[in-house]
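Engineer: Have a look at this fold, sequence not included:
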């Protein structure tokens, strides 16, 4: 699958790496263009802006994973995406936003036909090797459609020794 990822900090960048290793195509953007270009050098498609990222998503429905700190930056990014995406597309908030903010954003996006998934993500820098714990909330159909993405990130019990 193709997915856009905005926010390439330590977890966001490793989410991209894990998805790419699993065969998914990632379009990436971060305010720090050096980070964006570095992941571009690892096989992702680098974007110069949020608008450019959305423009490079060719598979429909389009999906964008937002991996930014809770607060104003996430709010602004989701609002911008809401103006760029169309009915049937997906926004995944992978940060740990306040649940009432996710409920409000979910309702706002639903009014436009965009699926908003709240996906608290835990795993830190170890997620690249061990996988991520995902707490997914959203439309059942959208979650099922995106299951290959979620399965690549949180593959279940593997052979890594438990801690």
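Structural biologist: Happy to help now that I have it. Model, not experiment: these values are computed from the prediction.

Engineer: Quick check: phi and psi on residue 43?
Structural biologist: Backbone torsions of residue 43, given as degrees, to the nearest 10, read phi 120, psi -10.

Engineer: ok, and the closest non-adjacent residue to it?
Structural biologist: Of all residues not flanking residue 43 in the chain, residue 20 sits nearest, at 5.1 Å (CB to CB, 6 or more residues apart in numbering). For the C-beta atoms, the positions are set from N, CA and C on the backbone; glycine is no exception.

Engineer: contacting residues for that neighbour?
Structural biologist: 26, 42-44 (CB atoms under 8 Å, 6 or more residues apart in numbering).

Engineer: tell me which residues in the helix or strand hosting it are buried?
Structural biologist: Assigning secondary structure by DSSP states H and E places residue 20 in helix 10-21. Buried residues in helix 10-21, counting neighbours by 16 or more other CB atoms under 10 Å, are found at 11-20.

Engineer: For the chain, which segments count as helices?
Structural biologist: 10-21, 33-40, 50-55, 72-84, 99-110, 127-130, 140-145, 147-153 (DSSP state H).

Engineer: quick check: angle from the longest strand anywhere in the chain to helix 10-21?
Structural biologist: When the chain is parsed with DSSP state E, its longest strand is strand 115-122. Between the axes of strand 115-122 and helix 10-21, defined by axes from the mean of the first three to the mean of the last three CA atoms, to 10 degrees, the angle is 110 degrees.

Engineer: Listing partners with orientation, what would you give for strand 115-122?
Structural biologist: Here strand 115-122 has these sheet partners by DSSP bridges: strand 90-93 (parallel), strand 133-137 (antiparallel).

Engineer: Lowest average confidence across those, which one?
Structural biologist: Sorting the strands paired with strand 115-122 by mean pLDDT places strand 133-137 lowest, at a mean of 94.

Engineer: For that strand, give me every contacting residue.
Structural biologist: 102, 117-123, 143, 150, 153-154.

Engineer: Dump the residues you listed to TSV, plus distance to residue 37 and neighbour count.
Structural biologist: Listed next are these as TSV, based on distance: CB to CB, whole Å; neighbours: other CB atoms under 10 Å:
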residue	distance to residue 37	neighbour count
102	31	23
117	28	23
118	30	21
119	26	24
120	29	17
121	24	23
122	28	12
123	25	19
143	32	17
150	27	17
153	23	23
154	28	18
